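Engineer: Curious how this folds, go ahead:
(2 chains)
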Amino acid sequence: MNETAAPPEVLRVAIVGAGPAGCYTAGFLRKRWPQAAITVFDRHDAPYGLIRYGVAPDHLGTKAIAKQFDRLFARDGVTFAGNTDIGTDVSLDQLRADNDVVVLATGLWADRVIETFHTAPGTGAAAPLAGVYGSGRLTRLINGHPSESVEGLTIGRRTVIVGNGNVAADLVRLMLTPADVLASHGVAADVIHALTAGPLEHIDVVGRSPVGAAKFDVAMIRELGRLADVRFTSDAAPDAGAPDAGAPDAGAPDAAAPDAADADGKAAAIRELVAGSPEAAGRTVAFHFGWTPDRVTGDGRVSAVTFTATGAAGGAGTAGTAAGSASLELPADSVCTAVGFTETDGAHISRASVASPRADPDRGRLDDGLYAVGWFRRGPVGTIPANRADARSVADAIIADLEASFIPTPTSLT
Amino acid sequence: MKFVILYGTESGNAETVADDLVDELGTDNEVESVDMTDASAETLSPDALLLVVCSTHGDGGLPASAVPFAELLDTERPDLTGIRYAMFGLGDSSYETYSRGSERIDERLSALGATRVGEYGRHDASDGSLPNDAALEWARNLVGSLDEAQAVAR
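Structural biologist: The predicted model follows:
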C-alpha cells in the first residue's frame, strides 16, 4: 500500500450493530487503520446478532464464524459496547458528533408479514388465529434470545411451513431433530418441549416459486436427507428444473454457477431427497412448489391453510409446479411463516429517515461520515458471506472517502 | 525463506488463518499474504513457496474470493512450471464434499505445472473449532520437513 497521507491516529469510528455485517466492517477498517478507535455498539448485551440468534444451533461451522470476531475484540483493539440502543440510549446525532465515521449495520430482523396470516384483514392489527408464528420468533427462541418467550407456542402434529428458503429448511430440520440432540446444542428445555411435544407427524413446506427458483441452498436440502424416519415427497413435476427455465447465457466456467445449472441443481436435490427417503416412515415432509399463501382458517386456533397456484390468474409461468389445480388446502394445527425479513415497525433508525441528498446507497454512503452496510443497506437478501463481501466494498468506500479528504491536492479528491 | 500465502475465503475464516500464518512465519522469513481475488499470475513466483489456504462453499464449491483466481487460471492458463506450493483446505466433514473447494484450486495449479510439496493439510469445522491452530501446526511441520529436505540435499 502506497498512501500519500494517513488519517490522524485519533480517527474515531462507531459501528451500530454487532452482527456479521458490522463485525466484518470493523475488521476491514481495522486492517487499514490499525490506530483508529473503533467501537461496535449493539442493543443486546452480547455481540454477533444473526450468528448468535439466527443461525441454527446445529450449524456449528457457521456459528464458529463468531470466533473470528472474538479476535477483533480480544486482540485487535476493537471495543464492544453492548446493551446500548442507538436512538434511545444515545441519539444518532450525538454518535455522529462524537465520531468521524458512523456505520449503520442494524440489519432487518422483523418477520415479513403475510397480511391474511398474521393480521386481521384490513385492520393490520392483531393475529386473527392462534397457532401462527413467524420464523424470526422461532429461530430466536431456539437460540435463547433474551426477549423471546415460549409462552403460547405449540407445534402440534401437523404444521405448515410457508416459504422455501434456508430458514424454512432450518425449521424442518430442527423440528424433526430428536430432543436429546437439540439439548446437546444448548436449546432450552421449554423450547424443546414446545417443538417436540406434538410429536410432529407431518410437515408441509409450501413455496411460491417453482422448484428451480426456490430460495434454499442445495446443501441445506442434502442435509435434510440425514434425518431419520422421514418420508419426503414433492409435488414438483419429475422434469422440473433446468431445461426451459428461461436460462440466460450458458457456458460459464465451472467456477461460477450459471442460473440454469443452479435451477437444475435445486430440482435434482429435491428429487434425490425424495428418492433417497424410505417409502414408509413415522413422519412425512411434503414439499409444495408454486403456491401463493391465501388465508388461514379455524375457530380461534388455526386448523387449515389455503394456497392458490402462483400465477394462476395471470396464466403461465409456473411450469413444473402446481399444475392443474388452482388451490391447495392443508390441515394444520400450527403454521410457521419463513418468508423473509423486514424493517421493524417503529425502529429508531430507518434508512429513509437518515439518508441525505448526498447519499450514494450503492457505495453505502448515507450522508457525510454516515454509512450503511449489510441488510440495512441492501435489504434482506444474501447470506453471511454476502454480507462479508458487502462489508468489504463499503469499508473500501469509507476508506476512499476519508483518505480523499485527508489528501490536500485537489486532483486526489475525485 | 520467502512465502506467499494465497487465501480463498467465503466467510473470512481462511483470511484469519492467513493472518496467523503471517505472524508465525514472518519473524524469520519474508511473508506476503494475498486474497485470491487480488492475485494475478505474477503473484506466483518460483522464488517463493506458495501456501494456499482455501475454504469450501456450499455444496463443494469454491469460496467467493477464490472464484476470480480460478477463472484467471482457466482463461490465462499460465505456465506454472517451477512453482512450488503447499495446500491447506478448510471444510466441514458433515458434507460429502468436504474440503472440495481447496481441491479445485489444487487441481488447477498442478494441471498448469506447479508442484505440490508437503502434507495436504485439512481442517474440519464440523465440531465448531477454528482452523487456525491446525493450520499453524501444519505450517510448522511443513517448514520442518522442507528444512530437513534441504539438509539432506546439501
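Engineer: And stretch B:74-92, what's buried?
Structural biologist: Neighbour counts over stretch B:74-92 (16 or more other C-beta atoms under 10 Å in any protein chain shown) mark B:78, B:80, B:83-92 as buried. Quick note: C-beta positions are derived from backbone N, CA and C, even for glycine.
Engineer: go on, stretch A:97-108?
Structural biologist: A:99-108.
Engineer: Next, the contact list for the spatially closest residue to A:Leu60 that is not a sequence neighbour, please.
Structural biologist: Among residues not flanking A:Leu60 along the chain, B:Gly128 sits closest, at 3.4 Å (C-beta to C-beta, 6 or more residues apart in numbering or on different chains). With contacts defined as C-beta atoms under 8 Å, 6 or more residues apart in numbering or on different chains, B:Gly128 is in contact with A:60-61, A:63-64.
Engineer: returning to what we had before: need the max-distance pair from the buried residues of stretch B:74-92.
Structural biologist: Distance extremes for these: the farthest pair is B:Pro78 and B:Asp92 at 31.3 Å, using C-beta to C-beta.
Engineer: Poorly predicted segments of the chain, please.
Structural biologist: If you meant another chain, say so; for now it's chain A. A:1-9, A:120-127, A:241-258, A:312-325, A:346, A:406-414 (pLDDT under 70).
Engineer: right idea, wrong chain: chain B
Structural biologist: In chain B, residues with pLDDT under 70: B:152-154.
Engineer: Sort out which residues of the lengthiest helix in it are buried, please.
Structural biologist: Secondary structure assigned by DSSP state H gives helix B:132-153 as the longest helix of chain B. If you call a residue buried by 16+ other C-beta under 10 Å, then helix B:132-153 has these buried ones: B:132, B:134-136, B:138-139, B:142-143, B:146.
Engineer: Keep only those residues that also lie close to chain A.
Structural biologist: Among these, proximity to chain A is found for none (C-beta under 8 Å from any C-beta of the partner chain).
Engineer: tell me which of the residues you listed is nearest to chain A?
Structural biologist: B:Asn132 (8.7 Å; C-beta to the nearest C-beta).
Engineer: Which positions in chain B make contact with chain A?
Structural biologist: So far as C-beta under 8 Å from any C-beta goes, chain B lies against chain A at B:10-13, B:16, B:57-59, B:61-64, B:67, B:70-71, B:74-75, B:92, B:94-96, B:104, B:125-130.
Engineer: In PyMOL, how would I select just the buried ones from these?
Structural biologist: PyMOL command restricting those to the buried ones, with burial defined by 16+ other C-beta under 10 Å:
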select buried, chain B and resi 10+11+12+13+16+57+58+59+61+62+63+64+67+70+71+92+94+95+104+125+130
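Engineer: Which of the residues of chain B next to chain A fall in helices?
Structural biologist: B:13, B:16, B:67, B:70-71, B:74-75, B:104.
Engineer: Any chance of the residues you listed in TSV with distance to A:Gly290 as columns?
Structural biologist: Formatted as TSV, these follow (distance: C-beta to C-beta, whole Å):
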residue	distance to A:Gly290
B:Asn13	37
B:Thr16	43
B:Val67	31
B:Ala70	35
B:Glu71	35
B:Asp74	37
B:Thr75	39
B:Arg104	34
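Engineer: Out of the residues you listed, name the two that are farthest from one another.
Structural biologist: Largest pairwise distance in those, by C-beta to C-beta, is 29.8 Å, between B:Thr16 and B:Thr75.
Engineer: thinking again about what came up before, can you add secondary structure and distance to A:Gly186 and give the buried residues of stretch A:97-108 back as JSON lines?
Structural biologist: Formatted as JSON lines, those follow (DSSP: H, G, I helix; E, B strand; the rest coil; distance: C-beta to C-beta, whole Å):
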{"residue": "A:Asn99", "secondary structure": "coil", "distance to A:Gly186": "36"}
{"residue": "A:Asp100", "secondary structure": "coil", "distance to A:Gly186": "40"}
{"residue": "A:Val101", "secondary structure": "strand", "distance to A:Gly186": "36"}
{"residue": "A:Val102", "secondary structure": "strand", "distance to A:Gly186": "34"}
{"residue": "A:Val103", "secondary structure": "strand", "distance to A:Gly186": "31"}
{"residue": "A:Leu104", "secondary structure": "strand", "distance to A:Gly186": "31"}
{"residue": "A:Ala105", "secondary structure": "coil", "distance to A:Gly186": "26"}
{"residue": "A:Thr106", "secondary structure": "coil", "distance to A:Gly186": "26"}
{"residue": "A:Gly107", "secondary structure": "coil", "distance to A:Gly186": "23"}
{"residue": "A:Leu108", "secondary structure": "coil", "distance to A:Gly186": "26"}
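Engineer: from these, which is closest to A:Arg71?
Structural biologist: A:Ala105 (18.2 Å).
Engineer: I'd say that closest one and A:Ala14 touch.
Structural biologist: No: using C-beta atoms under 8 Å, A:Ala105 is not in contact with A:Ala14, being 10.5 Å away.
Engineer: Show the contacting residues for the residue nearest to A:Arg378 when sequence neighbours are not counted.
Structural biologist: Counting by C-beta to C-beta, 6+ apart, A:Arg378 lies nearest to A:Asp390, which is 6.2 Å off, once chain neighbours are set aside. Applying C-beta under 8 Å, 6+ apart to A:Asp390 gives the contacts A:21, A:364, A:373-374, A:377-378, A:382.
Engineer: Okay, and which of those map to helices?
Structural biologist: A:21, A:377-378.
Engineer: thinking again about what came up before, how far off centre is the longest helix of chain B?
Structural biologist: On the basis of C-alpha atoms, centre = their mean, to the nearest Å, helix B:132-153 is displaced by 14 Å from the centre of the chain it belongs to.
Engineer: what's that helix in contact with?
Structural biologist: So helix B:132-153 is in contact with B:1, B:16-17, B:20-21, B:24-25, B:49, B:51, B:53, B:86, B:88, B:117-119, B:121-123, going by C-beta under 8 Å, 6+ apart.
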